[in-house]
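Undergrad: sequence first, then the predicted structure, then my questions.
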Amino acid sequence: MRRLSATLLTVTAITLSGCSGMPEKSQIWSRSTAFFTQSSEMIAAQSRRLADFAGSLVGSKDQALLQQEIDALFAQPYIDPLTLYIEEHSADDRRAKQLALVAQERDNRCAEIAQTYAGRDATRDNLQRMQRGYLMSCPEDVQDFAARVKQAKPTERPAPSTASAPEAPTPEIEISAAVEEAVSRRQNSNCYLLFTIKNYTQALSACRPIAESGDAKAQHHMASLERARGDFPAAFTWAGRSAGQQHAPGQLILGQLYQAGQGTAENKTKALQLMRQAADQGLTEASYHTGLAYKDGTGVGASVTQADKYLQQAASQGHMPSHLALAELYEKQQPKTARHWLDQAARKGSAEAQLKLADSYAAGASKSADQEQAYIWYSLALLNGNQQAKAGIERQEKLLNEEQLAAARSRIQDGINGKWD
């Protein structure tokens, strides 16, 4: 087997064993070309681990905070906080992994409750006890137990009263209505959750009845799912229904369908109008696409001012493609501004931005060129899986002396560990 380079071995060791497994810097780095001359097979085998580790950089801190959130949830014994977490964050793609774990934990706890009540008498008192404690998070289980109670002791309805005053609803009807409402709420939540965690097959069946009932969010999900399936007319219909309720994601996808001419005649002006409406409601992805339209002059005259407005609006929410678009917007006229946005995306782990930032430092004018910085970012881009960076590393290595290389490699190690200056 061909031997891995010192760099790749080091990153792998850090990933597996943490700081305690780190060798001395003199062992970590070598000026030999083994740093970048890896076989494609070895790179492919390591790429996922390297991308997750070196590519996450600052993002890994965010994931650690999210993990702390669910660790705290799992440490407490109640079920409803899990349900509240799912409902609060059901549309947050950043939390897709955490949402799936929380949903699984909630379902496991509900299964334990169902098993407990399966061994209890099917009485009204037990039903009320179960409803008080678990209706919010385990409505289907409460519903099943209610069916047992009804079957064990059917409700006897009184004869119609001749009095003029209307009869008060029986307790059994009140319980049934509460259960049905909770089940409906859970079905909506399931639709949103399945879409966010990208379980699209189940989301399609879960969201359809919710969308048909008029839920704008579910209608957007149906539009997105149908678009992914290639059924553009269905996607256009669902998107229109969602956008008609001023739902920003619905407006965005309807605008995208108009822009691409999918399911309808192409209309880039109408597309921009819809995307801008969604952006003005604060939807990050809509701000990005609106900014691109102004940047490229799609459906409107090109405008750097408007492009900057909407792209910065998205970038302020940590939207990495917007950082790259802003860098491209200012690349020719304001290279320092372009470099700033590349730096932002590179520090967030974008391999594309890392490579472009390295190119910027390597090819800059005499006052803005920085060969050491170029070497650093080429190296981080390679560790992040971008094979185009190899040639840049070879070129930059020849331009640096031993002292500069040592300093650069120390900073690369800091970058991998998220320690930016």
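TA: Cool, got the structure.
Undergrad: now the helices for the stretch 201-350 of the chain?
TA: Residue ranges of the helices in the stretch 201-350 of the chain, as given by DSSP state H, counting those that start in this stretch, are 216-229, 232-243, 248-260, 268-280, 284-296, 304-315, 320-329, 335-347.
Undergrad: contacting residues around the nearest residue to Arg185 once chain neighbours are set aside?
TA: In this structure, Arg185 finds its nearest non-sequential neighbour in Pro139, 7.3 Å apart by C-beta to C-beta, 6 or more residues apart in numbering. In this view, the C-beta of every residue, glycine as well, is placed from N, C-alpha and C. Residues near Pro139 by C-beta atoms under 8 Å, 6 or more residues apart in numbering: 179, 182-183, 185-186.
Undergrad: try 10 Å this time
TA: Shown in contact with Pro139 (C-beta atoms under 10 Å, 6 or more residues apart in numbering): 83, 110, 131, 178-187.
Undergrad: on that earlier part again, any chance of the helices of the stretch 201-350 of the chain in a markdown table, plus mean pLDDT, distance to Cys207 and mean neighbour count?
TA: Written out in a markdown table, the entries for these read as follows (pLDDT from 0 to 100; distance: least, C-beta to C-beta, whole Å; neighbours: other C-beta atoms under 10 Å):
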| stretch | mean pLDDT | distance to Cys207 | mean neighbour count |
| --- | --- | --- | --- |
| helix 216-229 | 98 | 5 | 23 |
| helix 232-243 | 98 | 10 | 22 |
| helix 248-260 | 98 | 13 | 25 |
| helix 268-280 | 98 | 20 | 21 |
| helix 284-296 | 97 | 19 | 24 |
| helix 304-315 | 97 | 26 | 20 |
| helix 320-329 | 95 | 26 | 23 |
| helix 335-347 | 92 | 33 | 20 |
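Undergrad: need those in JSON lines with distance to Tyr192, can you?
TA: Converted to JSON lines, these look like this (distance: least, C-beta to C-beta, whole Å):
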{"stretch": "helix 216-229", "distance to Tyr192": "6"}
{"stretch": "helix 232-243", "distance to Tyr192": "13"}
{"stretch": "helix 248-260", "distance to Tyr192": "11"}
{"stretch": "helix 268-280", "distance to Tyr192": "18"}
{"stretch": "helix 284-296", "distance to Tyr192": "17"}
{"stretch": "helix 304-315", "distance to Tyr192": "22"}
{"stretch": "helix 320-329", "distance to Tyr192": "24"}
{"stretch": "helix 335-347", "distance to Tyr192": "29"}
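Undergrad: and those helices: which comes nearest Gly364?
TA: Among these, helix 335-347 comes nearest to Gly364, with 7.2 Å by C-beta to C-beta.
Undergrad: and whichever helix or strand comes after that closest one, what other elements does it pack with?
TA: Once the chain leaves helix 335-347, the next helix or strand it forms, by DSSP states H and E, is helix 351-363. With contacts defined as 3 or more C-beta pairs under 10 Å, 6 or more residues apart in numbering; DSSP states H and E, the packing partners of helix 351-363 are helix 40-54, helix 320-329, helix 335-347, helix 371-383, helix 389-397.
Undergrad: switch to 8 Å and redo it
TA: Under the contact criterion of 3 or more C-beta pairs under 8 Å, 6 or more residues apart in numbering; DSSP states H and E, helix 351-363 touches helix 320-329, helix 335-347, helix 371-383, helix 389-397.
Undergrad: neighbouring contacts of it?
TA: Identification of contacts with helix 351-363 by C-beta under 8 Å, 6+ apart yields 51, 55, 320, 323-324, 327, 335, 338-339, 342-346, 368-371, 373-378, 380-381, 384-386, 388-389, 392, 395-396.
Undergrad: try it again with 6 Å
TA: Residues outside helix 351-363 that contact it (C-beta atoms under 6 Å, 6 or more residues apart in numbering): 324, 339, 342, 345-346, 370, 373-374, 377-378, 380-381, 384-386, 388-389, 392.
Undergrad: stretch 177-189 now?
TA: Counting by C-beta under 6 Å, 6+ apart, 87, 135, 139, 142-143, 146, 210 sit against stretch 177-189.
Undergrad: now do the buried residues in it.
TA: 179, 182, 186-189 (16 or more other C-beta atoms under 10 Å).
Undergrad: now do the strand or helix carrying Val179 and helix 216-229, the angle between them.
TA: Counting by DSSP H and E, the element that carries Val179 is helix 171-196. With axes from the mean of the first three to the mean of the last three C-alpha atoms, to 10 degrees defining the directions, helix 171-196 sits at 40 degrees from helix 216-229.
Undergrad: quick one on the thing from earlier: and the helices of the stretch 201-350 of the chain: which comes nearest Lys97?
TA: The closest of the helices of the stretch 201-350 of the chain to Lys97 is helix 320-329. By C-beta to C-beta, the value is 17.9 Å.
Undergrad: now that closest one - C-alpha only, PDB.
TA: Only the C-alpha atoms of helix 320-329 are listed here, as PDB (Å, rounded to 0.1, in the frame of the first residue of the first chain):
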ATOM      1  CA  MET A 320     -22.100  31.100   1.800                       C
ATOM      2  CA  PRO A 321     -23.100  31.200  -1.900                       C
ATOM      3  CA  SER A 322     -23.900  34.900  -1.300                       C
ATOM      4  CA  HIS A 323     -20.300  35.500  -0.100                       C
ATOM      5  CA  LEU A 324     -19.000  34.000  -3.300                       C
ATOM      6  CA  ALA A 325     -21.400  36.000  -5.500                       C
ATOM      7  CA  LEU A 326     -20.400  39.200  -3.700                       C
ATOM      8  CA  ALA A 327     -16.700  38.300  -4.400                       C
ATOM      9  CA  GLU A 328     -17.500  37.900  -8.100                       C
ATOM     10  CA  LEU A 329     -19.600  41.100  -8.100                       C
END
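Undergrad: roughly how far does Gly119 sit from Ile113?
TA: Using C-beta to C-beta, to the nearest Å, Gly119 is found at 11 Å from Ile113.
Undergrad: with neighbour numbers in mind, choose between these two.
TA: Neighbours were counted for Gly119 and for Ile113 using other C-beta atoms under 10 Å; Ile113 has more, 18 against 6.
Undergrad: helix or strand: which one has that one?
TA: Using DSSP H and E, Ile113 falls in helix 96-118.
Undergrad: and that helix, what does it pack onto?
TA: Helices and strands touching helix 96-118, by 3 or more C-beta pairs under 6 Å, 6 or more residues apart in numbering; DSSP states H and E, are helix 58-75, helix 80-89, helix 139-152.
Undergrad: thanks again, I'm all set now.
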